[in-house]
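[1] Prediction below, plus the sequence it came from.
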2 protein chains.
Amino acid sequence: MTASVPQGFRLAGVSCGIKQDSSREDLTLIVADAPSVAAGVYTQNLVYAAPVAVDRERTPSDKMRVVAVNSGNANACTGQRGMEDALEMARLAAEACDAEPDQSLVMSTGIIGDFLPMDKIAAGIRSAAERLGNDEDAFLSAARGIITTDKSHKIAGRSIEVAGQTIRIAGMAKGAGMIGPKMATMLAAVMTDARMTPADAQAALVAAVDDSFNCISVEGHMSTNDTVLLLASGAACSEPLAGDALSAFRTALREVCIELARQIPDDGEGASHLITIDVCGTATRDDAFSIAKTVANSNLVKTGISGNDPNWGRIVCAAGYSGVQFDPNRLSLRLNGTLLYRDGAPVEFDATSVSHSMQENRETHIILELAEGDASARFWTSDLTVDYVRFNSDYHT
Amino acid sequence: MTASVPQGFRLAGVSCGIKQDSSREDLTLIVADAPSVAAGVYTQNLVYAAPVAVDRERTPSDKMRVVAVNSGNANACTGQRGMEDALEMARLAAEACDAEPDQSLVMSTGIIGDFLPMDKIAAGIRSAAERLGNDEDAFLSAARGIITTDKSHKIAGRSIEVAGQTIRIAGMAKGAGMIGPKMATMLAAVMTDARMTPADAQAALVAAVDDSFNCISVEGHMSTNDTVLLLASGAACSEPLAGDALSAFRTALREVCIELARQIPDDGEGASHLITIDVCGTATRDDAFSIAKTVANSNLVKTGISGNDPNWGRIVCAAGYSGVQFDPNRLSLRLNGTLLYRDGAPVEFDATSVSHSMQENRETHIILELAEGDASARFWTSDLTVDYVRFNSDYHT
C-alpha cells in the first residue's frame, strides 16, 4: 500500500545508536499538531515494562501530543530506574515538541533487562523532532524506527467517506517474535484524523484489537511490552463521530488492525508459512478462540506445516486438549480446502496433492468444523522452522 | 540400573513388522501368572485413542492377566473400526495367555490415523507369548518394544523391605515427543509383586503420576494415547499392604515414576539439555506448577537454553503470563546456582561463566523464588533445538 498520513500528524524515524547497526532507525516520534484523543491496549503480562506503566496511566486521554518509540531496548525488568527512565523519555519527547510533560506516551521494544541509554534517547528525540514530516518517506522512516527482528516495516491504511468527509486511518506495527495472545512484543500505533471522544476511541480500539492483535501468535510467548495505541487528531471533521459514521470508522479500524496483525506471524522469525486457523460451529466465540489458539501454539502442528506435511492427527489432537468441551465424533477438518477428517474419523485423500499445495503457497488454511453451535473465530500464526530455533538460540532478547 | 522383574510376571518384546525397521521390537506382552490388581491413569485429551477407551473401562481391576503394547501405530482417531481393533487386540492377547477376553489391557503408540495392521498384531502376540521370560533380557526386550522415537529404552526399579518381605517395583516407559501435561505420548507400565487392593493401587498410582509424569513436557502437546499402568501380582506377600508398609510402597513407587518420567524430557526429540524448573514460595502447589509449566513450555526459554544463553528476561516474562497472581517485585531467579534477578530487578553476574556452566552440563537448573507462601513444585522439560524441528518436520506422527 501507499501510506497516506492522516491530517494533523507529523512523524519521523531516526537512528540514534541503540541498535548495533547504525544504519537502522531506532527512534520514532509521532507528533500531533494539537491535543489529540489517545486510546491504548496493553500486555496482560503481570511483569510489564516501564513504558507500559506510563501509558496505561495516561490513556484514554483527550490531550496527547507526542508518542516516542525506541527499538533495540525494551526497558523491561529494569525496576525503579526503568520507571524513571520511561518518564524522562516522555518528558524529553514532550519538551522537544513544546508540549506539557504529561502530553506524551512512550513505547519501547528490544532487549529485556538493560537500562535505556538515556543520552542516545535524548539525542534521538531532538534529531527526530527536527525531521518531522507528513509525507510517505516520513511515515516509512517512522515505521522502520519501531521494528527489531522484523524483516520489514509493517503498515496499513484506509480512507472512508462519512457524512461528506474523508477520514483517514493509517497504522504501523512491529513484531516477529515473542508473539502470543493476549498480544506480544508487538507495538502498533494507529493514527486517524477522525474526531471522536476518548471513550469511543478506547472502545473502538479494544474491539478492533480483540479480532486482530489478540488473534495472532508466533510462539505464544506474551511479552512485557505489548502496546497498541490509537491517536485521533480530529483534523478531518468538526464533530465527534456518532451513529453510522462511528460504525463505519470501527469497521475500517478493525480492517486496518487485522491487516497490520496478519503481517506479524507472516514475518514470524524464520517462518516459511502464514497459517490461518478458522474454527467454526462452537457454542461461543471464546470456545472457538481457545481451540484455534491451542492449535496455533502446538509446536508439532507448526513443524508439520513447515515440512509441508498434511498431518491432521496433530491438529485434531491439539483441539482435543484445548480445554473446550465438544463431541469429538462431530469434528471435521479441512486443510487448504481438502477434507482430511470427517466426524471423528479419517477420510481418504490425496496426501501428495495437499502437501504440494502447502509447498506452493505461503499461506496454509486450516478449518476445524464442530457441531456445538454457530460461533466461530479466526487466528493467525507462523510455522516453526529450523531458522526460528537458530535465531532464538543466538539472539539475546 | 539392572532390571529385576517382580515375582509373578513374565515379559517379551518382539518385532512383528509394524515399524519400518524390522530389526526393532514393536510388540510387547506383559503377563501376570495369576489374576492381578491393575490401576491406570490416562490422557485428559478429549480426543483419546481406542486403547485408552478400552483400558479406562477396565481399570481399576483385581483380575488382569495381560498387557499388550504395540509401537509404530497409535490406533488414534480411527473411529469405530479403531475401537473394534483395540478390543480384538485385547482378545488376542488374552487368548494367547489362556486368559478371559476381558482380562487384558492394551496400549498403542505411533502414527495417528492409520488402522492397526491386525494380521501383524496377531502374529506378534503369538510370537511374544512363546518367548516370555522374567530375566533381564526379557525385561529389556519388552522395554524396547514400547518405544518409538526414543533414543533408548527407559526403565527404573526399586526393592523395599516391608514387614520382613522384599517387594520389588520395576517399570518401563516410552516418550520423546508429543509430551506435555497432563501426560503425553508417553506410555508406562510399572509392575510390582506387592499385594494391594485395587483402590490402594489406583490411589498410589494417581499420587505418583501427579509428581512425575504430569510434571514433564517436551513441547507441551498432550497426546491422544498417554497411559500409565500399575500391575500388582501380590506374589511377594500374603496380605494386602497397609499402614507404614503401604506408605513405604507409595514412596518407592513415586521414586520409580519420577526416575522414569525424567528420562522422557532428557531424551526429548533433539534435546541438548534436560531442564529442571523449581518454583517455590507460592501460595499453593497449583500456582507453582502453573508457573513452572508456563516457563517449561516457552519456546523462547527453550531456545535460549539450547544456545547456552542465561536469558533470565524470557524466564521472568513467561512467569508473568502464567496466569498466577504474584508480586513481580518479589520475584527472584537463579540459574545453575547463580542469582540473576532479585526482587524484580536485574543483578550483575558473570554471564560468561553461567553460559559456560550451561555448556558443560546437560542439566540446567532454574529456581524461581516468590514471596507468596510456602508451596512449591518441580517440573522437567527439554530444550528446543534445530534437531527437534528437523525431526518433526520430517516425521509423520
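    Ah, there it is. Numbers count the residues shown, from 1 in each chain, chains lettered A, B, ... in the order given.
[2] Was I right to think residue A:319 contacts residue A:290?
    No. Here residue A:319 does not reach residue A:290: they are 9.5 Å apart, not a contact under CB atoms under 8 Å. For the C-beta atoms, the positions are set from N, CA and C on the backbone; glycine is no exception.
[3] if you count what's nearby, which of the two comes out ahead?
    residue A:319 (27 against 19; other CB atoms under 10 Å in any protein chain shown).
[4] So the closest residue to the more buried one other than its chain neighbours, which state does it fall into?
    Counting by CB to CB, 6 or more residues apart in numbering or on different chains, residue A:291 is the residue found nearest to residue A:319 once chain neighbours are left out, at 5.1 Å. Residue A:291 falls in the helix class when you classify it by DSSP: H, G, I helix; E, B strand; the rest coil.
[5] for residue A:291, what are its contacts?
    A:279, A:282, A:319, A:322, A:324, A:368, A:370, A:377 (CB atoms under 8 Å, 6 or more residues apart in numbering or on different chains).
[6] Same check on residue A:167?
    A:6, A:159-161, A:192-194, A:236-237, A:241, A:249, A:252.
[7] Paired strands for whichever strand or helix holds it, with orientation please.
    Here residue A:167, judged by DSSP states H and E, is contained in strand A:165-174. With DSSP bridges as the test, strand A:165-174 is paired with strand A:154-162 (antiparallel), strand A:187-192 (antiparallel).
[8] List the buried residues in it.
    A:165, A:167-174 (16 or more other CB atoms under 10 Å in any protein chain shown).
[9] How about stretch A:234-244?
    In stretch A:234-244, counting by 16+ other CB under 10 Å, buried: A:234-237, A:240-241.
[10] min pLDDT across those, which one?
    Among the buried residues of stretch A:234-244, residue A:237 carries the lowest pLDDT, at 88.
[11] tilt between the helix or strand residue A:13 falls within and strand A:187-192?
    Residue A:13 is part of strand A:9-14, with elements assigned from DSSP H and E. Interaxial angle, strand A:9-14 versus strand A:187-192 (axes from the mean of the first three to the mean of the last three CA atoms, to 10 degrees): 150 degrees.
[12] which helices and strands does strand A:9-14 pack with?
    strand A:27-42, helix A:118-129, helix A:136-145 (3 or more CB pairs under 8 Å, 6 or more residues apart in numbering or on different chains; DSSP states H and E).
[13] backbone phi and psi for the nearest residue to residue A:102 once chain neighbours are set aside, please?
    Take residue A:102 and drop its neighbours on the chain: the residue closest to it by CB to CB, 6+ apart is residue A:58, 6.7 Å away. When read as degrees, to the nearest 10, the backbone of residue A:58 gives phi -100, psi -10.
[14] Residue A:58 - how many residues pack around it?
    Other residues close to residue A:58 by other CB under 10 Å number 18.
[15] separation between it and residue A:89?
    13 Å (CB to CB, to the nearest Å).
[16] Over to residue A:247?
    Taken as CB to CB, the span from residue A:247 to residue A:89 is 37 Å.
[17] Name the residue in these two with the higher neighbour count.
    residue A:89 (28 against 13).
[18] Quick check, pLDDT for that one.
    98.
[19] on that earlier part again, out of the contacts of residue A:291, who's nearest residue B:65?
    Closest to residue B:65 out of the contacts of residue A:291 is residue A:319 (36.2 Å), distances taken as CB to CB.
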